[in-house]
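# sequence unknown, structure follows:
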């Protein structure tokens, strides 16, 4: 069963395209991630699906309803969490929840099941003004308000941006449990590591979708061998690798360097020798599996002659 | 100085690139000047009038003709029925009913006094009073023309400074002041707050820019634009409204410059108290309404209660309107406006000092 | 190279009423160091930076930036530092060139020098074609790179960067760090806050703030070994889970 069906959906503002025509679908009960940096088009796509913005081309149906024609009925079935905190800062946690429940003609009691998980952590703060909550708590409250009317599809636009690492982990735990209960969830995020927690993922950049697949599928799609190089003198190692004749790309990744060789069968010892001659004696070179971020950077359109060497 | 020039360059670039700001700066004031001056008048023209002529004589017809010819009246139906006339008055079809008694001509010829009754719709008491005075004037003129007796004491009014009692002559200088004020206070306040809102002010605060440099560079563009607006406004006043400009225009500009300093200082001070442009606008609006109503623009200061008259002393708008009217309409020289000038000068120093002090580069 | 530290904090504190945003932090940053200032939202990072850049007066403790006291020599501090704010740095209704000229001029660069540096900057960032475009028309990543370059245009000894790579695509993020390394190699001290834990690895030393206090301070390698974790991210989660402020 398809929960979301998008066909050639596009949004242009004058000559600029915020979103080039995109086509994909999301199955019922799927946790679907939209991964890309700011300005990629994630919010534009979500706002169209949430019936807040009219597309300039293409069509989309959510839960069987057309986003343009059937927007009224669709709004009853959607849960939406916009990118910025969009609740009332000067109302308390409980007041916000009650407000959003009543808009949809629901009550907190009747749908408490849906939010019990999350709300449990908010409960001690039920009388605190929403504006006085921490980032992580605000997100939990916003999620509760998006769930209180028992939607069938959940759209979450960058719910973890600006939230600390711990709260982010907890948030994704919640999302996984919600998905397990049968809810269809679309999430957008700029954090590549969160992609791993989705069933399927779409990589998006500059209004284009680069790839859609399961996280494993995306990782598998990395076309060339990827090696991790660790050393105490990262800078020299990086420079040396950039000069390596078969270098395809060299990117720092935390304490490692991710080196992509342009050959199908690179030789680890050859690389180690090269580094040694460049003055890097303690290099650890291992073949590794590509991650989402590696694939993303590989697939990003090269702009203005940007080479893979950063 | 260099630093001020650098900031100024940025400010002017931003002002002229701001699509929303340009019409506000240049088009709106012109429209306001034209519309306000034409619309805000206490003259009452074309008052619809019904006459019950019970005399039907040459004299009565002459009187009616005189009324009709005047700009202030417009004769509707003539009727003989008082009920009809009263109904017309009740339903607002006419604002005045004049009854000319039968025997007017005969009695006038015999030297007998004649009573012409005028019934006015006095829902709006002020207007009714004005209409009544027009009617009385015309009747007195007719009276004088046909009077055969010796001339008694006659009043020969001569209206100095505004011979035709043109209301626009009175209003336009005041409205010019309003326009310059809006530029000075509102826009300067909002300009600074806008930087607060979008966050660039933090970037400025962290640079070695000194406070006074920031203040000068923020206020100077609006000072210049305010003066330019005044110039344009005066041209319109002359060409469109034929406002007399008896006194020295240089003096007007010089004192306008001083006045603008007060209002700019006020704008800056407001910007230090508010965090969003919306707030700045509301605070500025609130203060402006009070100042304007107590400024003598619409209602004379002399008719205000004593406490309001005292408050007026602290009202820069009141002082500058007085200055404008005196110089433009009465040809006053510098020595005639020293009191107002001194008041403005003190206010300028106070306001600017207060604003600069209040503007902190570092939060305490 | 003199050995006086670029930044010295001793018991630096900031209270807002009864709420203590920064609770007596103490650390030193050596000249030419790339120092990562990490912490959750609400932990007090931005407040601390604002005190060190002279935007906010501390309520307790001491601090010296570039040898100047942050209480009594604020303007001297400002002349010696560059700053890239989290919210905004460049005017989006001015062009790239106009922004460079403005900020360069403010910091006292004279015409010829400014012209030279402006050209160099634009060339280094490969933006000749966009030099006369409005900032608002440029993608976020480019704006951030320009903002950084403008912040160091007047060659300050120290540059403060508040969350400079938020929301930027992964390639541009790394290019940004290339710029940082270039400057660090020239001896500029870089004080940077970031959410991205992998960026912590790019720093010489990092500190992690929790609830207004510094709970960890040292090089990434030291800290990982000392706490028995594999990555700075794991260390962060470990420390933050103990934090109370994160839950309210």
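Nice, thanks for sending it over. The shown structure was predicted, so the numbers you read here are calculated from the model rather than taken from an experiment.
# In chain C, where's the longest helix?
helix C:170-185 (DSSP state H).
# Buried ones in it, by neighbour count?
C:170-177, C:179-181, C:183-184 (16 or more other C-beta atoms under 10 Å in any protein chain shown). All C-beta atoms are positioned from the backbone trio N, CA, C, and that covers glycine.
# ok, the helix or strand that it is followed by near chain A or not?
Reading on from helix C:170-185 to the C-terminus, the next helix or strand found by DSSP states H and E is strand C:189-193. No. Judged by C-beta under 8 Å from any C-beta of the partner chain, strand C:189-193 stays clear of chain A, getting no closer than 12.9 Å.
# quick one: contacts of stretch A:228-239?
A:241, A:250, A:252-253, A:255-259, A:271, A:275, A:278-280, A:282-288, C:181 (C-beta atoms under 8 Å, 6 or more residues apart in numbering or on different chains).
# Write the PyMOL selection for whichever of these are buried.
To isolate the buried members of the contacts of stretch A:228-239 in PyMOL, using 16+ other C-beta under 10 Å:
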select buried, (chain A and resi 241+250+252+253+255+256+257+258+259+271+275+278+280+283+285) or (chain C and resi 181)
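# Which members of the contacts of stretch A:228-239 occur in strands, if any?
Using DSSP state E, the members of these that fall in strands are A:250, A:252-253, A:256-259, A:284-288.
# which among the residues you listed are in contact with chain C?
Answer for those near chain C (C-beta under 8 Å from any C-beta): A:252-253.
# Quick check: the residue of chain B most remote from its centre vs residue B:57, distance?
No residue in chain B sits farther from the centre than residue B:110, which is 49.4 Å out by C-alpha atoms, centre = their mean. Distance, residue B:110 to residue B:57, by C-beta to C-beta, to the nearest Å: 13 Å.
# again with residue A:194
Taking C-beta to C-beta, one finds residue A:194 at 101 Å from residue B:57.
# higher neighbour count, those two?
Remark: of residue A:194 and residue B:57, residue A:194 carries more neighbours, 22 against 18, as counted by other C-beta atoms under 10 Å in any protein chain shown.
# what kind of secondary structure is the more buried one in?
Following DSSP: H, G, I helix; E, B strand; the rest coil, the label given to residue A:194 is helix.
# quick one, what contacts it?
A:33, A:35, A:160, A:168, A:172, A:187.
# Tell me the secondary structure at the last one.
In terms of secondary structure, residue A:187 is strand; the call rests on three-state DSSP.
# got a pLDDT number for residue 218?
All of this refers to chain A. We have a pLDDT of 94 for residue A:218.
# The chain in question should be chain C.
Here, the pLDDT recorded for residue C:218 equals 95.
# and what of residue A:230?
92.
# Check residue B:278 too.
89.
# now it: how far from residue C:79?
35 Å.
# Neighbour count: those two, which is higher?
Remark: of residue B:278 and residue C:79, residue C:79 carries more neighbours, 16 against 12, as counted by other C-beta under 10 Å.
# Name the SS class of the residue lying closest to the more buried one once chain neighbours are set aside, please.
Spatially, and ignoring its direct neighbours in sequence, residue C:79 is nearest to residue B:208 (4.7 Å; C-beta to C-beta, 6 or more residues apart in numbering or on different chains). Following three-state DSSP, the label given to residue B:208 is coil.
# Wait, residue B:208 touches residue C:105, no?
No. Proximity of residue B:208 to residue C:105 does not meet the contact threshold set by C-beta atoms under 8 Å, at 11.5 Å.
# low-scoring stretches of the stretch 101-250 of chain B, by residue?
For the stretch 101-250 of chain B, applying pLDDT under 70 flags the ranges B:146-166.
# Let me know the helix or strand that residue B:131 is in.
Here residue B:131, judged by DSSP H and E, is contained in helix B:125-146.
# and the next element down the chain from that helix?
Sequence order places helix B:167-182 as the next helix or strand after helix B:125-146, per DSSP H and E.
# what's that next one in contact with?
Contacts to helix B:167-182, defined as C-beta under 8 Å, 6+ apart, come from residues B:29, B:32-33, B:36-38, B:40-43, B:161-162, B:226, B:229-230, B:233-234, B:237, B:241-244, B:256, B:259-260, B:263, B:288, B:292, B:295-297, B:317, B:320-321, B:324-325, B:328-329.
# Among the contacts of residue A:194, which one sits closest to chain C?
residue A:168 (9.5 Å; C-beta to the nearest C-beta).
# do you know how far that closest one is from residue C:237?
10 Å.
# These two: which has the busier surroundings?
Ranked by neighbour count (other C-beta under 10 Å), residue A:168 and residue C:237 place residue A:168 first, with 23 against 17.
# who's the residue most central in space within chain C bridged to?
When C-alpha atoms, centre = their mean is applied to chain C, the residue found nearest the centroid is residue C:161 (2.1 Å). Note on residue C:161: beta-bridge partners by DSSP bridges are residue C:84, residue C:192.
# residue in the stretch 51-200 of chain A nearest to chain B?
residue A:89 (14.1 Å).
# Number of residues surrounding that residue?
The burial count for residue A:89: 12, using other C-beta under 10 Å.
# now it, nearest residue through space, not along the chain?
residue A:131 (3.2 Å).
# who in chain A is up against chain C?
Residues of chain A lying near chain C (C-beta under 8 Å from any C-beta): A:36-40, A:121, A:125, A:128, A:133-137, A:161-167, A:169, A:190, A:192, A:205-206, A:235, A:251-255, A:293, A:296-297, A:300, A:304, A:306, A:310.
# Which ones among those lie within helices?
Using DSSP H, these in helices are A:121, A:135-137, A:165-167, A:169, A:235, A:293, A:296-297.
# out of these, which are buried?
With neighbours counted by 16+ other C-beta under 10 Å, these contain buried members at A:121, A:135-137, A:165-167, A:293, A:296-297.
# Might you report the residue contacts of residue 145?
All of this is about chain A. By C-beta under 8 Å, 6+ apart, the neighbours of residue A:145 are A:87, A:96-97, A:100.
# oops, I was thinking of chain C
C:125, C:172, C:175-176, C:179.
# For residue 285, report the pLDDT, please.
In the absence of a named chain, chain A is used. On pLDDT, residue A:285 comes in at 92.
# Hmm, no, I was thinking of chain B.
We have a pLDDT of 90 for residue B:285.
# Correct me if wrong, but it is in a strand.
No. Inclusion of residue B:285 in a strand is not indicated when three-state DSSP is applied; the result is helix.
# what packs against the helix or strand of chain A with the lowest mean pLDDT?
When each helix and strand of chain A is scored by mean pLDDT, DSSP states H and E, helix A:112-122 comes last, with a mean of 82. If you count contacts as 3 or more C-beta pairs under 8 Å, 6 or more residues apart in numbering or on different chains; DSSP states H and E, helix A:112-122 packs onto helix A:135-147, helix A:165-180.
# Now the stretch 101-250 of chain B against chain C: closest residue?
In the stretch 101-250 of chain B, the residue that lies nearest chain C is residue B:199 (3.5 Å; C-beta to the nearest C-beta).
# who touches the nearest residue to that residue once chain neighbours are set aside in this structure?
Take residue B:199 and drop its neighbours on the chain: the residue closest to it by C-beta to C-beta, 6+ apart is residue C:87, 3.5 Å away. Shown in contact with residue C:87 (C-beta under 8 Å, 6+ apart): B:198-199, B:202.
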